[in-house]
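# Build me a model from this:
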Amino acid sequence: ILCAHVALGGSSSLGERVVMGGKSAVADHVTVAPHSRIAAKAGVIKDIEVPGNDHGGFPATKATLWRKQVAILRRLVARGGVTSESL
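Below is the predicted model of the structure:
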């Protein structure tokens, strides 16, 4: 299932029953394993070899790791650890 505005690069290959959220993309010559789910706005730039996993973010990583990264970043910003001057 490909939801609104999905981009597939040339020679990319999707396994059976892959679900891709809106504005997600797969780069050229990348293979996505069967039964994988790609979150909205995710960018897959390397092969996903293990079937049945969820992925998100850019570059796409396993969803559990991606969610942890987002939570840590939000906490860091809330504590004032990241400011526009430090970037």
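# Tell me which residues of stretch 38-47 come out buried.
Going by neighbour count (16 or more other Cβ atoms under 10 Å), the buried part of stretch 38-47 is 38-39, 42-44. Quick note: C-beta positions are derived from backbone N, CA and C, even for glycine.
# pLDDT, distance to Cys3 and secondary structure for those - can I get that in JSON lines?
Output for the buried residues of stretch 38-47, formatted as JSON lines (pLDDT from 0 to 100; distance: Cβ to Cβ, whole Å; DSSP: H, G, I helix; E, B strand; the rest coil):
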{"residue": "Ile38", "pLDDT": "97", "distance to Cys3": "10", "secondary structure": "strand"}
{"residue": "Ala39", "pLDDT": "97", "distance to Cys3": "11", "secondary structure": "coil"}
{"residue": "Ala42", "pLDDT": "97", "distance to Cys3": "12", "secondary structure": "coil"}
{"residue": "Gly43", "pLDDT": "97", "distance to Cys3": "15", "secondary structure": "strand"}
{"residue": "Val44", "pLDDT": "98", "distance to Cys3": "15", "secondary structure": "strand"}
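# Redo those residues as JSON lines? Include distance to Ala71.
Shown next, in JSON lines, are the buried residues of stretch 38-47 (distance: Cβ to Cβ, whole Å):
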{"residue": "Ile38", "distance to Ala71": "20"}
{"residue": "Ala39", "distance to Ala71": "15"}
{"residue": "Ala42", "distance to Ala71": "17"}
{"residue": "Gly43", "distance to Ala71": "20"}
{"residue": "Val44", "distance to Ala71": "22"}
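# Which single one of these is nearest to Arg67?
Ala39 (9.7 Å; Cβ to Cβ).
# What residues does that closest one make contact with?
Ala39 makes contacts with 21, 24, 54-57, 60, 63, 66, as judged by Cβ atoms under 8 Å, 6 or more residues apart in numbering.
# the strands in the protein, which residues?
In the chain, the strands defined using DSSP state E lie at 7-8, 13-14, 19-20, 25-26, 31-32, 37-38, 43-44, 54-56, 61-62.
# now for those, which one comes closest to Arg74?
The nearest among the strands of the chain, by Cβ to Cβ, is strand 54-56 at 15.0 Å.
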